[in-house]
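J.: Provide a 3D model corresponding to the input given below.
(chains A and B, ligands or ions: 4)
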There are 2 protein chains.
Amino acid sequence: MAEEKLILWGEKNYYSPYVFSCFVALAEKGLPFEVRTFDLSAGEHRQGDYGARSITGRVPSLQHGELWLAESSAIDEYLEEVFPPPRYARLYPARPAERARARQVQAWVRSDLMPLREERPTSSVFMKEPVKPLSAAGRAAAERVVRAAEALLPAGATWLFGDFGVADADLGLMLQRLVANGDPVPDRLRDYAHRVWDRPSVKDWRARVPKGR
Amino acid sequence: MAEEKLILWGEKNYYSPYVFSCFVALAEKGLPFEVRTFDLSAGEHRQGDYGARSITGRVPSLQHGELWLAESSAIDEYLEEVFPPPRYARLYPARPAERARARQVQAWVRSDLMPLREERPTSSVFMKEPVKPLSAAGRAAAERVVRAAEALLPAGATWLFGDFGVADADLGLMLQRLVANGDPVPDRLRDYAHRVWDRPSVKDWRARVPKGR
Ligand SMILES: [Ca+2]
Ligand SMILES: [Ca+2]
Ligand SMILES: [Ca+2]
Ligand SMILES: [Ca+2]
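T.: Ligands and ions are numbered 1, 2, ... in the order given. This next block holds a predicted model:
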């Protein structure tokens, strides 16, 4: 089954933080894969059988042989199980307590911090679209991200858990919502966000973002 | 480490669907554990060191020796790794494609269907608090849940993936938002939601819900 073709279904603007996470996971694993994109604003993902195949009709989904799998964190975990370390790069830490913390980060950035996600959309990160100053709620969410990232990233550490992993990709993108827009972030976290941004897998994604719309 | 005391931090009304998921996971595993609750409306979780310990300050969190872990799906996965089958009950399917689908369900009910979650809060399920008829957006979300659940639950199946698992607890609660409020649900899914409700681990939770407020 591991030999079947891998297709990542995403959206044409390359600004979904969830497609981003799976793209980085596939690239880090060094797997050959194809990206196919929908124009979400034109409702392309609601045409044809995508809704039935993916069950929920959302992007991303991963097509792997007969399996069509949606939800980015489930896709990342699936890739780790089907293409495991050490033959393929590790996406999650080996130790249960650290794996758990990586999953905490992934679940948290997907279910919290809504004011920051709304006021600093990924279009402002990947495409430099202009934003307004943060509201009080946006600033509060920004402060929570900074406080959590400071607790998560050990002093002097390059990545969250020793080696680079998908939680770094997710947290780095969340921090880039601030860094890329000139919002205040402690030096140590800004440097970390830049390191994530310079990761070859992340640069591959960034190179695909369309110039202008 | 597996022998250390387990404490689940929750909220005093027992209506968090995320604390629910972890409670069911712990109960299904047959583990001795203690529940400690905050009065969230009084901000009890923002006092003391809970925010620093849990990193994000949200409930649930699981305290296990030195580890304080937040985010319900990360807690469920941690319990499966540290208290693995067959010695302890299985929470996730064994086969990668099914494990992936279980994770898809967990991630999906935590990140989508907001109109349904708002118009059919868990207080209307656990405490029978009255609700209004669904809005158009609420009905659309209800239809999406029904469609997805019909695709996920095989014909004639008792549970999603053979044995009962945490994805059943999560999807069963999402369906109960409709079933408990008399909203239309196909018989087969209503029966499934009732089966989840009659699961001993779920009945243990339901018995803890305070009567009235
Ligand atoms: Ca297209
Ligand atoms: Ca390393
Ligand atoms: Ca209390
Ligand atoms: Ca069974």
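J.: contacts for the helix or strand bottoming out on mean pLDDT in chain A?
T.: Here the helix or strand of chain A ranked lowest by mean pLDDT, DSSP states H and E is helix A:50-54, holding a mean of 89. For helix A:50-54, contacts defined as Cβ atoms under 8 Å, 6 or more residues apart in numbering or on different chains pick out A:9, A:38, A:45, A:57, A:61, A:63, A:68-70, B:151. To be clear about C-beta, it is placed using only N, CA and C from the backbone, and glycine gets the same treatment.
J.: switch to 6 Å and redo it
T.: Contact with helix A:50-54 is made by A:57, A:61, A:68, A:70, as judged by Cβ atoms under 6 Å, 6 or more residues apart in numbering or on different chains.
J.: contact partners for the first one?
T.: By Cβ under 6 Å, 6+ apart, A:Gly57 lies in contact with A:Gly51.
J.: quick one: secondary structure of the residue in chain A sticking out farthest from the centre?
T.: Here chain A reaches farthest from its C-alpha mean at A:Gly48, the gap being 26.6 Å by Cα atoms, centre = their mean. Taken by DSSP: H, G, I helix; E, B strand; the rest coil, the conformation at A:Gly48 corresponds to coil.
J.: measure it to A:Pro60 for me?
T.: Using Cβ to Cβ, to the nearest Å, A:Gly48 is found at 17 Å from A:Pro60.
J.: do A:Trp68 as well
T.: From A:Trp68 to A:Pro60 the distance is 11 Å (Cβ to Cβ).
J.: looking only at neighbour counts, state which of these two leads.
T.: Each of A:Trp68 and A:Pro60 has its neighbours counted (other Cβ atoms under 10 Å in any protein chain shown); A:Pro60 has more, 22 against 19.
J.: for the nearest residue to that one once chain neighbours are set aside, give me phi and psi.
T.: Using Cβ to Cβ, 6 or more residues apart in numbering or on different chains and skipping the chain neighbours, the partner closest in space to A:Pro60 is A:Val19 (4.3 Å). For A:Val19, the backbone dihedrals are phi -60, psi -40 (criterion: degrees, to the nearest 10).
J.: contact partners for A:Val19?
T.: Listed by Cβ under 6 Å, 6+ apart, the contact set of A:Val19 reads A:10, A:59-60.
J.: around chain B, pick out the residues from chain A.
T.: A:55-56, A:67, A:69-71, A:73-74, A:77-78, A:81-82, A:96-97, A:100, A:103-104, A:107-108, A:110-111, A:148, A:151 (Cβ under 6 Å from any Cβ of the partner chain).
J.: are any of these buried, and which?
T.: For those, a neighbour count by 16 or more other Cβ atoms under 10 Å in any protein chain shown gives the buried set as A:55-56, A:67, A:69-71, A:73-74, A:77-78, A:82, A:96-97, A:100, A:103-104, A:107-108, A:110-111, A:148.
J.: what about those residues, which are in helices?
T.: A:73-74, A:77-78, A:82, A:96-97, A:100, A:103-104, A:107-108, A:110-111, A:148 (DSSP state H).
J.: hmm, back to that, which one among the contacts of helix A:50-54 gets closest to chain B?
T.: Nearest to chain B out of these is A:Ala70 (Cβ to the nearest Cβ; 5.5 Å).
J.: wait, isn't the closest one in contact with A:Ser61?
T.: Yes. At 4.3 Å, A:Ala70 counts as touching A:Ser61 under the criterion of Cβ atoms under 6 Å.
J.: gap between the nearest residue to A:Ser111 once chain neighbours are set aside and A:Pro121?
T.: Spatial nearest neighbour of A:Ser111, excluding adjacent residues (Cβ to Cβ, 6+ apart): B:Arg110 at 5.4 Å. Counting by Cβ to Cβ, the separation of B:Arg110 from A:Pro121 is 21 Å.
J.: what does A:Tyr14 give?
T.: Distance of A:Tyr14 to A:Pro121, computed by Cβ to Cβ: 13 Å.
J.: also A:Leu173?
T.: Note on A:Leu173: its distance to A:Pro121, by Cβ to Cβ, is 11 Å.
J.: what's the answer for A:Ala142, then?
T.: Look at A:Ala142 and A:Pro121: by Cβ to Cβ, they are 14 Å apart.
J.: please apply the same query to A:Ser41.
T.: Applying Cβ to Cβ, the value for A:Ser41 to A:Pro121 is 14 Å.
J.: now A:Lys5
T.: Separation of A:Lys5 from A:Pro121 (Cβ to Cβ): 32 Å.
J.: which one of the two is surrounded by more residues?
T.: Each of A:Lys5 and A:Pro121 has its neighbours counted (other Cβ under 10 Å); A:Pro121 has more, 16 against 10.
J.: what helix or strand is the residue nearest to A:Ala149 when sequence neighbours are not counted on?
T.: Leaving aside its sequence neighbours, A:Ala149 sits nearest to A:Leu189 (Cβ to Cβ, 6+ apart; 5.2 Å). Following DSSP states H and E, the helix or strand that holds A:Leu189 is helix A:187-198.
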